[in-house]
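Undergrad: this is a predicted model, with the sequence first.
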Amino acid sequence: MDAVRGKFVTAQMRETFWQLVRFGVAGGLATVCYAIVYSPLAAFQITSEQVANVAGYLVAMLSGYVLHSKWSFRGHAASAKASMFKFFAVSLVSYGVNTFWVWLLTDDAMYAGSWWWPLIPIVFVTPLVTFALNRLWVFR
């Protein structure tokens, strides 16, 4: 019995690992889309950092849904309609977290840092939150 359970846990852990790798690649591409939109808008002061954040978020959300639903979490039983609503809810959490980073790191009342400072936690922290929510709730 322990041998069977050990193989199941190992297979489950292996699937989760590769799912995390696919999520990282797809999320990385969505984050690159975000950065491509956010960076010139904020760097050249075409608009405020927060408006640039909204524009980047919209592009990343749309590209992220396609990539994650078709590739990262492929083979999961979630229906397209149910997963779309849940994915949008998680993307709002992601937007809120990213908005917090932009506010904290660029606002004059806070750290008043450069436009690129929020990209660091946006790339390294926010994806961990969204992976957990997508794995446990959206595409289960």
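TA: Happy to help now that I have it.
Undergrad: got any ranges where this structure has weak pLDDT?
TA: 1-9, 75-81 (pLDDT under 70).
Undergrad: would you map the strands across this structure?
TA: In the chain, no strands are found when defined by DSSP state E.
Undergrad: all helices for it, in order.
TA: 2-43, 49-67, 80-106, 119-124, 126-133 (DSSP state H).
Undergrad: those: which one's closest to Phe139?
TA: Taking CB to CB as the measure, the helices of the chain were each checked against Phe139, and helix 80-106 came out nearest at 5.9 Å. Just so you know, the C-beta spots here come from the backbone N, C-alpha and C atoms, and that holds for glycine as well.
Undergrad: residues in contact with Val129?
TA: Val93, Ser94, Val97 (CB atoms under 8 Å, 6 or more residues apart in numbering).
Undergrad: go ahead and flag the most central residue of the protein.
TA: The geometric centre of the chain, computed from its C-alpha atoms, lies nearest to Pro127 (CA atoms, centre = their mean), at 4.4 Å.
Undergrad: distance of Gln19 relative to Val90?
TA: 15 Å (CB to CB, to the nearest Å).
Undergrad: of these two, who's got more company?
TA: Val90 (23 against 19; other CB atoms under 10 Å).
Undergrad: understood, closing this out.
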